[in-house]
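Novice: Take this sequence and fold it.
(one chain, ligands or ions: 1)
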Amino acid sequence: MARLDSATLDTLPAAVMRPAYDRASLGPGILHLGLGAFHRAHQAVYTENAMNHSGGDWGIIGVSMRSDAVSRRLAPQDLLYSVLSESAEERSLQVVGALTDLIVAPREAQRLSATIADPRIRIITLTITEKGYCLGDDGFSLDRTHPDVLADLEHPDSPRSAPGVLARGLALRHSLGAAPLTILSCDNLSENSARLRAVLCDLLAVHAPQVLPWLEHKVTFPSSMVDRIVPAMSAVELDRQAHLLGLRDEAAVSTEPFSQWVIEDSFAAGRPDWENAGVRFVEDIRPFESLKLRLLNASHSVIACLGVLENRETVADVMADPALAAFIRRLMDEELIPAIEVPGGFDVAEYREQLLGRFANPCLRHRCAQIAMDASEKIPQRWLATLKQVELERSLLCRALAAWCYLVLLTPQALEDPRQARLLELRESGDSLPQRLDSLLACIGLPGDSSAESARLRQVLLQWIEGIASRGPGIVARA
Ligand code: CS2
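Specialist: Coordinates of the predicted model:
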């Protein structure tokens with residue numbers, strides 16, 4: 001089968017949307033760090049649709065932060081790829097042409113800095129996942145114990161962390177004319193760009209303090225809330241998408257029809273016509289973020305834990321089990337929703353129904369193990385604020401936390417995590433279960449203190465962990 005590229009674009013079935021602007025003359029406007037499936041199915045699609053509607057030089061230079069795997073797939077396709085949006089009710093296919101160049105960070109450090117400094121780049125977006133921000137315990141400063149940060153503090157000219165890469169490029173941009181810039185985080189963190197700004201200031205204060213006044217006045221950091229479920233692709237899905245396209249597409253992504261992007265409207269040097277592509281601009285992002293993180297992502301992480309615990313492969317498999325689906329609905333109704341400040345006029349019941357439907361989408365093969373990944377970074381953002389407001393003894397969220405602790409401490413499951421070495425150490429340690437639980441809770445920002453609350457949480461968690469160990473995983477959602 002022929003491969004998707006500029007020459008074969010015309011052979012696609014008529015129903016497949018494709019670039020409506022002149023790709024050959026498209027100039028770059030956005031640099032994106034983190035070229036994973038989520039970016040390709042979300043921000044790149046919004047930019048593509050904005051250019052389809054209104055034109056503009058907003059080509060995206062995509063940066064792979066670690067490996068060249070994605071660029072090896074895209075390069076032979078003239079950087080074209082397809083996005084399949086699908087549910088039981090609808091399906092659409094679109095070829096995206098917004099990528100204009102690729103950079104592989106570890107081997108093209110100079111070119112990456114030069115591109116950050118290029119005044120044609122007016123926006124830098126990021127999807128580097130929670131752990132990429134190298135945040136310290138307070139969530140708004142640099143983790144100075146992080147190995148990549150330590151390396152960057154010592155060798156700022158060969159940065160390893162994303163903040164280090166940005167700091168180096170920003171120092172160069174400042175020295176070459178200090179063109180205004182917008183830096184826009186698209187990761188699942190509350191006040192995501194504000195956090196990024198804080199770590200950048202910490203790094204720049206060490207090596208390039210002269211940059212800080214420019215950063216203060218000419219660089220904006222609008223925070224944003226992103227939402228679209230984009231599972232990792234498997235070989236089977238690539239084959240299926242090739243069949244639908246009539247062409248091989250090794251960089252294909254598949255996702256759901258739903259998509260949302262809410263951004264604080266503070267751009268230093270213009271932006272694509274994203275309104276016309278469905279982006280909502282707001283003054284204050286916080287209500288949207290907490291709704292999404294503490295309802296969608298919180299229940300997603302619970303589903304992932306239940307799925308791993310009960311051996312269900314995908315989110316849809318979990319939702320197809322009536323007892324597990326009922327548990328998720330109760331969790332939303334009794335604990336997650338009451339703990340959120342819902343924006344005025346927002347129909348939260350409708351949102352909940354929509355979410356339950358999205359999770360049940362049988363077309364998405366979203367593996368529980370994928371969502372369970374990096375839990376020590378995700379749990380603090382998704383669960384902890386709610387956990388402070390529930391009645392622990394009756395709480396379903398507390399059971400889910402116990403399930404995660406059980407998986408980490410008492411099973412041979414290796415859950416991928418930036419703190420994996422520490423988690424494995426806790427599993428292997430000869431300390432008592434209460435001691436190991438204490439250390440594990442400290443890893444997710446719940447260090448023990450002398451309060452009655454802290455003691456109660458530990459007691460309830462221990463009861464559930466011991467219950468799962470003696471009576472089996474079923475007790476979490478079926479008791
Ligand atoms: C998921 C998210 O993997 C995860 O942690 O919860 O990627 C989720 O699919 C998106 O945030 C949906 O917008």
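Novice: May I ask which helix or strand encompasses the closest residue to the ligand within the stretch 251-400 of the chain?
Specialist: Residue nearest to the ligand within the stretch 251-400 of the chain: His300 (3.7 Å; Cβ to the nearest ligand atom). The way it works is simple: take the backbone N, C-alpha and C, and place the C-beta from them, glycine included. Using DSSP states H and E, His300 maps to helix 298-309.
Novice: Buried residues, the following helix or strand past that helix. List them.
Specialist: Where DSSP H and E defines the elements, the next helix or strand beyond helix 298-309 is helix 315-319. Within helix 315-319, the residues that count as buried by 16 or more other Cβ atoms under 10 Å are 315-319.
Novice: and what of stretch 403-411?
Specialist: 403-409.
Novice: gap between Ser451 and Leu440?
Specialist: As for Ser451, its distance to Leu440 is 18 Å (criterion: Cβ to Cβ, to the nearest Å).
Novice: just to revisit the earlier point, send the alpha carbons of the helix holding His300 over as PDB?
Specialist: The C-alpha trace of helix 298-309 is given here as PDB (Å, rounded to 0.1, in the frame of the first residue of the first chain):
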ATOM      1  CA  ALA A 298      -9.700  12.200  38.600                       C
ATOM      2  CA  SER A 299     -12.300   9.600  37.500                       C
ATOM      3  CA  HIS A 300      -9.900   8.500  34.700                       C
ATOM      4  CA  SER A 301      -7.200   7.700  37.200                       C
ATOM      5  CA  VAL A 302      -9.700   5.800  39.400                       C
ATOM      6  CA  ILE A 303     -10.900   3.900  36.300                       C
ATOM      7  CA  ALA A 304      -7.200   3.100  35.500                       C
ATOM      8  CA  CYS A 305      -6.600   1.800  39.000                       C
ATOM      9  CA  LEU A 306      -9.700  -0.400  39.000                       C
ATOM     10  CA  GLY A 307      -8.800  -1.600  35.500                       C
ATOM     11  CA  VAL A 308      -5.300  -2.600  36.500                       C
ATOM     12  CA  LEU A 309      -6.600  -4.100  39.800                       C
END
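Novice: filter the buried residues of helix 315-319 down to the ones close to the ligand.
Specialist: Taking Cβ under 6 Å from any ligand atom as the test, the ligand is in contact with none of these.
Novice: between these, which is nearest Gly307?
Specialist: Closest approach between the buried residues of helix 315-319 and Gly307, by Cβ to Cβ: Val318, at 4.7 Å.
Novice: Against Val302, how distant is the closest one?
Specialist: From Val318 over to Val302 the distance is 9 Å, taken as Cβ to Cβ.
Novice: Please name the residues that touch Ala208.
Specialist: Contacts for Ala208 were tallied using Cβ atoms under 8 Å, 6 or more residues apart in numbering; they are 156, 167, 170-171, 174.
Novice: Would you format these as CSV with secondary structure and pLDDT included?
Specialist: As requested, these are exported to CSV (DSSP: H, G, I helix; E, B strand; the rest coil; pLDDT from 0 to 100):
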residue, secondary structure, pLDDT
Pro156, coil, 93
Ala167, helix, 98
Leu170, helix, 98
Ala171, helix, 98
His174, helix, 98
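Novice: Can you tell me which residues in the stretch 351-479 of the chain are near the ligand?
Specialist: So the stretch 351-479 of the chain meets the ligand at 370-371, 378 (Cβ under 6 Å from any ligand atom).
Novice: For these, pick the one with the most neighbours.
Specialist: Within those, Lys378 tops the neighbour count with 25 neighbours, counted by other Cβ atoms under 10 Å.
Novice: what about burial for the contacts of Ala208, which qualify?
Specialist: Buried among these by 16+ other Cβ under 10 Å: 156, 167, 170-171, 174.
Novice: Which element is encountered next along the chain beyond the longest helix along the chain?
Specialist: Counting residues, the longest helix found in the chain (DSSP state H) is helix 452-471. Per DSSP H and E, helix 452-471 leads on to helix 474-478 as the next helix or strand towards the C-terminus.
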